[in-house]
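1. just a sequence and a predicted model for now, questions to come.
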Amino acid sequence: MAPHSHDHSHLTETEARVRALESLLSEKGYIDSAAVDEIVQTYETKIGPQNGAHVVAKSWVDADFRKWLEEDSTAAIHSLGYTSRQGEHIDAVFNSDDTHHLVVCTLCSCYPWSVLGLPPTWYKSPPFRSRAVIDPRGVLNDFGITLPETTKVEVHDSTSEVRYLVIPQRPAGTEGWSEEQLAKLVTRNSMIGTGFARTAETLS
């Protein structure tokens, strides 16, 4: 029987290797491809970044929760039912007029899956991983973010033990909004630090 021929030219080398490994494990009966696809879909559509947006929105309207998030981010996030499979801690960092936070993983692609879902492709790319540390303002400019010189940029390097969640600043004009309304303003990039929360006008 002739071997199957699949066109994987659109895949990167790493993606092609992962695809080949998944096929081999599936053929040997070690994994169920349908189950793998279901897990991926869950992280893409049901977890990320909705869970993180919920955490952010709650921190904007609930002062007690925000304080808890500042003191013990992992426990506060777990209280909402968002726990990781790997058991790593999550450290929430808060943007302000004085400080802007940017998250990167310089060694691989450690990412808070339980609150943000699957990482974007660019987050795993070597150029982002290296430049975010060397030239964070340049990286932010690439994403369309220009900060005042008076605003300090802090870069946080995720590890297998600690992941980071950026809490963006609450947009102006959202006084009296519900958590559900506010959550719609929170983007994945704003929780990595490569974006801001959407403005109130985007939902009007």
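-> Perfect, thanks for sending it. Numbering: from 1, shown residues only.

2. residue nearest the centroid of this structure?
-> Against the mean C-alpha coordinate of the chain, by Cα atoms, centre = their mean, the closest residue is L116 at 4.1 Å.

3. my guess is that residue contacts R188, does it?
-> Yes: between L116 and R188 there is a contact at 6.0 Å, judged by Cβ atoms under 8 Å. The way it works is simple: take the backbone N, C-alpha and C, and place the C-beta from them, glycine included.

4. what about the residue lying closest to R137 once chain neighbours are set aside, which helix or strand?
-> Excluding the flanking residues, the one nearest R137 by Cβ to Cβ, 6 or more residues apart in numbering is V153, at 6.0 Å. Using DSSP states H and E, V153 sits in strand 152-157.

5. okay, now the sheet partners of that strand, with direction.
-> As defined by DSSP bridges, the strand partners of strand 152-157 come to strand 99-104 (parallel).

6. which of the residues in the partner strand are buried?
-> Residues of strand 99-104 classed as buried under the neighbour-count rule (16 or more other Cβ atoms under 10 Å) are H100, H101, L102, V103, V104.

7. closest one of those to K28?
-> Nearest to K28, judged by Cβ to Cβ, of the buried residues of strand 99-104 is V104 at 36.1 Å.

8. contact partners for P120?
-> Contact partners of P120, counting by Cβ atoms under 8 Å, 6 or more residues apart in numbering, are R188.

9. now do Q50
-> G117, A183.

10. how near is it to N141?
-> Distance of Q50 to N141, computed by Cβ to Cβ, to the nearest Å: 29 Å.

11. all helices for the protein, in order.
-> 13-27, 33-42, 50-61, 63-71, 73-78, 113-116, 126-134, 136-142, 179-183 (DSSP state H).

12. if you average pLDDT over each of those, which is lowest?
-> The stretch with the lowest mean pLDDT among the helices of the chain is helix 33-42, at a mean of 51.

13. for L185, what are phi and psi?
-> According to degrees, to the nearest 10, the main-chain angles of L185 amount to phi -90, psi -10.

14. can you check the pLDDT for it?
-> Predicted confidence (pLDDT) for L185: 97.

15. repeat that for L147.
-> 97.

16. my read: it touches V153, true?
-> Yes: applying Cβ under 8 Å as the test, L147 and V153 come out as touching, 6.8 Å apart.

17. find residues that contact each of these two.
-> H100, R137, L140.
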